[in-house]
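Visitor: here's a sequence, model it:
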Amino acid sequence: MDSTATDSALDPQPLSHAYALPARYYTGPESAALDRRAVFARSWQLLAHTSQLEQPGDHVVGEIAGVPLLLVRGADGQLRALHNVCRHRAGPLALCNGRGAKRLRCHYHGWTYALDGQLLSAPEMQTAEGFDVASIRLPQARVAVWRNLVFAALSDDVPPLHDLLDGIDARLGANAIENYAFHARESYDIDCNWKTYIDNYLEGYHVPHIHPELNRMLDYRSYVVETSRWHSLQHSPLESGDALYGSGEALYWFIWPNTMLNVMPGRLQTNRVLPLAPDRCRVVFDYFYPEAALAAPSEGAQDHALQNRVAQDRAFSDLVQREDVEMCELVQRRLASGSYEAGRLNPLRENGVHHFHELLREAYRHELRGSS
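Guide: Numbers count the residues shown, from 1 in each chain. The predicted structure is shown next:
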């Protein structure tokens, strides 16, 4: 993509005349490298929930733009996002999530760090002239918490997290999602570019065509997409059986660049879309429910109803996801075919896709042209 620095497809486009991004931004190693530099290295990434990081030494491993990170609760109670890269010869300090660690010890040569990232000891380094343990510390990424969701960012060149989420608290209203408990994680590896998956998420235009059961629950005529500076919201009245969600409203938030919050009555589902290769991504689903829905079943009919709703929700979510996966993989193959030329967007139904593409164009211009 040597021509991207002068690519007119990156110029801002008004919704009324907007085209989708060209296929070249969804395929090939150059596209993936551009996304890593322009998008992921300069954005907030959802990495954990505070329930995973309650006590000193609790830690969660993650990665942003290829940089391994270690979220850890310090002995002082502070939450840090340390680089999970030993300053000796790049060994890992942690390979998986854990609880109650007293120190962080490199798996390669045993260099040991305090929970705040300060090097404490380096075995057999006494003969290294001028070597000063006290001068060595793990680099840190930025970290911020919102409603018990933990975000991190590599760069200072990102908006404050509260700007990214501005307006979501007011719209959530009585949905106290921060009081929900983690229940389960599901991951799907998909043969498509991460942006192909997000494009699909951002519009209800396809719902009547590939999601027949979901379409029966939502009111397509009242399906609305609202856009803000850094996020968008899809919402619709919801009518479902009492064994699933009951009645209310479906709320689907996209938060730049790859986080989703799916809020149904009595349930929060978070999605993270992680690039694995130019034509492959992983979508991580975390499910959260009120504590009562996750308690051990008792003799009460209400408890059994809550348990049933959790089971029904996960089964229904998996059905919808598999329908999306099939279509996204079909689309990716056609994006890579050489046949596709960027098509016009539907201003009524694809304003969320347009919003995402404009944020991408802005990020790409910033990286390639040095302009905002």
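Visitor: the residue lying closest to residue 321 once chain neighbours are set aside pairs with what?
Guide: Leaving aside its sequence neighbours, residue 321 sits nearest to residue 188 (CB to CB, 6 or more residues apart in numbering; 6.1 Å). Every residue, glycine included, has its C-beta placed from N, CA and C. Residue 188 forms beta bridges with residue 283, as assigned by DSSP bridges.
Visitor: residues touching residue 343, list them.
Guide: The contact partners of residue 343, taken as CB atoms under 8 Å, 6 or more residues apart in numbering, are 19-20.
Visitor: helices of the chain, start to end?
Guide: 28-38, 161-164, 168-172, 194-201, 207-210, 212-217, 291-294, 301-335, 351-368 (DSSP state H).
Visitor: pop the domain breakdown of this protein in here.
Guide: Domain assignment for the chain, taken from automatic domain parsing, gives 2-41+174-368, 45-153.
Visitor: among the ones you listed, where is the model least confident on average?
Guide: Sorting the domains of the chain by mean pLDDT places domain 2-41+174-368 lowest, at a mean of 93.
Visitor: and residue 163, how close does it get to residue 13?
Guide: Computed as CB to CB, to the nearest Å, the residue 163 to residue 13 distance reads 24 Å.
Visitor: which of these two has more residues huddled nearby?
Guide: Using other CB atoms under 10 Å as the criterion, residue 163 and residue 13 rank with residue 13 on top: 18 against 11.
Visitor: what bridges to the closest residue to the more buried one other than its chain neighbours?
Guide: Excluding its sequence neighbours, the residue lying closest to residue 13 (CB to CB, 6+ apart) is residue 19, at 6.5 Å. For residue 19, the beta-bridge partners are residue 344 (DSSP bridges).
Visitor: please list all residues in contact with residue 19.
Guide: So residue 19 contacts 9, 13, 342-345 (CB under 8 Å, 6+ apart).
Visitor: got the phi and psi for the residue lying farthest from the centre of the chain?
Guide: Most distant from the centre of the chain: residue 127, at 45.7 Å, with distances by CA atoms, centre = their mean. Main-chain dihedrals, residue 127, degrees, to the nearest 10: phi -90, psi 0.
Visitor: likewise for residue 160?
Guide: According to degrees, to the nearest 10, residue 160 has phi -60, psi 150.
Visitor: ok so, going back, so the residue nearest to residue 13 versus residue 132, what's the distance?
Guide: Counting by CB to CB, the gap from residue 19 to residue 132 is 57 Å.
Visitor: now swap in residue 187 and tell me
Guide: Distance check for residue 187 against residue 132: by CB to CB, it reads 43 Å.
Visitor: for those two, indicate the residue with more neighbours.
Guide: The residue with more neighbours, out of residue 187 and residue 132, is residue 187; 11 against 8, by other CB under 10 Å.
Visitor: what sits against residue 84?
Guide: Applying CB under 8 Å, 6+ apart, one finds that residue 84 lies in contact with 61, 68-70, 92-94.
Visitor: tell me which two in these are the farthest apart.
Guide: The distance between the two most remote of the contacts of residue 84 (CB to CB) is 11.3 Å, for 69 and 92.
Visitor: of these two, who's got more company?
Guide: residue 69 (26 against 15).
Visitor: relative to residue 85, how far out is that one?
Guide: Residue 69 sits 9 Å away from residue 85, taking CB to CB as the criterion.
Visitor: identify the residues contacting residue 281.
Guide: Contacts for residue 281 were tallied using CB under 8 Å, 6+ apart; they are 189-190, 192-194, 196-197, 273-275.
Visitor: next one: residue 165
Guide: Counting by CB under 8 Å, 6+ apart, residue 165 touches 146, 230-231, 255.
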